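A.B. asks: Any chance you can model this:
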Amino acid sequence: MTSTAQTTITQADPEMRLLPASQFTIEQLTAAYNQTRVDYLVPMPMNAARLAAYVRVYDVDMDHSWVAVDGETVLGLAMLGVRPGRTWVTRLGVLPNRRRRGAGEALVRALLESTRALGRPLAILEVIKGNQPAHELFLKVGFRETRELLVMRRPPGPPAGAYAAACSASWLEKEEALDLLCASPVRPAWTNEMETYINAGDAQGLHVDLPAGAVGEGGRGWLVFRRQKYTLSHFVLHTEAGSPALVAAALAARLYERFPQMDSYIENLPAADPHLPALLNAGFMEVFRRIEMQRS
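C.D. replies: The predicted model follows:
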């Protein structure tokens, strides 16, 4: 790594400097990230290929992401996703033996300075519910809570319920799925935004129509998801008419009628999403919650 550039932010730790993440290789950043997460509340180990994909899919700007160093030792890092009108603070971590010495706060403030320098009026992040030190840090630097988000999992298995036979279903390829996502009235989390789906290139969709009389008043709605090699993920659901519970049950039934052997995970579903009860009935289990926060 080189050390020719660094932030001008005053650090609490006099031996610490902040360098742009672009001065490090993806392998160096992966090793540093894993070292900062050895005791993390929810383990999320990375390899270099996964981190490189993460940077690409979530629009991480490596020139405006930062690494804290002491000499040649990496103390911590934090990354910044950049999209029109907003940024996303992500992958913040500090070595356990160097915490509470100002590194985390310095990294976050550097990302906020990058946000201002880029002319973005809004910064967004998610913190795992129960991670009190990080939560308090984000409140200290001016972030405010906006909503809770759920991370959920479903093991492989056949569909539950009897709605698959009672509805008509249309499978949608990428462009059609993205058109639906663009029309969604609910703001998705950064991980599920339109840009994420475009970058990933693996969007698919499902639209169902429940006729009146077959399951009550009928209804219609859609699901957009990412189909990866072994998993279905990043669900966004919307009910256009009728009961969200019935529409979500029909969507889940059709989905697992077609993909019974696929693992599934839902990333950052709003806790107030009206489809949640049907997803739980379909076999999804809540793993943990995140608190979304924003700073203008």
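A.B. asks: Ala241: neighbouring residues, count only.
C.D. replies: Other residues within reach of Ala241 by the criterion other C-beta atoms under 10 Å amount to 12. (Glycine included, C-beta is placed from N, CA and C.)
A.B. asks: Which stretches in the stretch 1-150 of the chain count as strands?
C.D. replies: Here the stretch 1-150 of the chain has its strands, by DSSP state E, counting those that start in this stretch, at 17-20, 66-70, 73-83, 86-94, 123-128, 144-154.
A.B. asks: I'd like to know which elements the fourth one is packed against.
C.D. replies: Contacts of strand 86-94 with other secondary structure elements, assessed using 3 or more C-beta pairs under 8 Å, 6 or more residues apart in numbering; DSSP states H and E, are made with helix 26-36, strand 73-83, helix 103-117, strand 123-128.
A.B. asks: Dump those into a markdown table; add distance to Arg17, mean neighbour count and mean pLDDT as well.
C.D. replies: Formatted as a markdown table, the helices and strands packed on strand 86-94 follow (distance: least, C-beta to C-beta, whole Å; neighbours: other C-beta atoms under 10 Å; pLDDT from 0 to 100):
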| stretch | distance to Arg17 | mean neighbour count | mean pLDDT |
| --- | --- | --- | --- |
| helix 26-36 | 14 | 19 | 94 |
| strand 73-83 | 10 | 23 | 95 |
| helix 103-117 | 10 | 21 | 96 |
| strand 123-128 | 23 | 22 | 97 |
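A.B. asks: Redo those as JSON lines? Include distance to Pro211.
C.D. replies: Listed next are those as JSON lines, based on distance: least, C-beta to C-beta, whole Å:
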{"stretch": "helix 26-36", "distance to Pro211": "50"}
{"stretch": "strand 73-83", "distance to Pro211": "40"}
{"stretch": "helix 103-117", "distance to Pro211": "49"}
{"stretch": "strand 123-128", "distance to Pro211": "39"}
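A.B. asks: Could you list the domains of the protein?
C.D. replies: Residue ranges of the domains in the chain are recorded as 17-142, 152-290, according to automatic domain parsing.
A.B. asks: wait, which of these is closest to Ser296?
C.D. replies: Within the domains of the chain, the stretch nearest Ser296 is domain 17-142; the backing value is 5.9 Å (C-beta to C-beta).
A.B. asks: Please compute how far the closest one lies from its chain's middle.
C.D. replies: Here domain 17-142 shows a centroid-to-chain-centroid distance of 14 Å under the convention C-alpha atoms, centre = their mean, to the nearest Å.
A.B. asks: Over to the spatially closest residue to Leu232 that is not a sequence neighbour. Which of the three states is it?
C.D. replies: For Leu232, ignoring the flanking residues on the chain, the nearest one in space by C-beta to C-beta, 6 or more residues apart in numbering is Ser264 at 4.5 Å. Under DSSP: H, G, I helix; E, B strand; the rest coil, Ser264 falls in the strand class.
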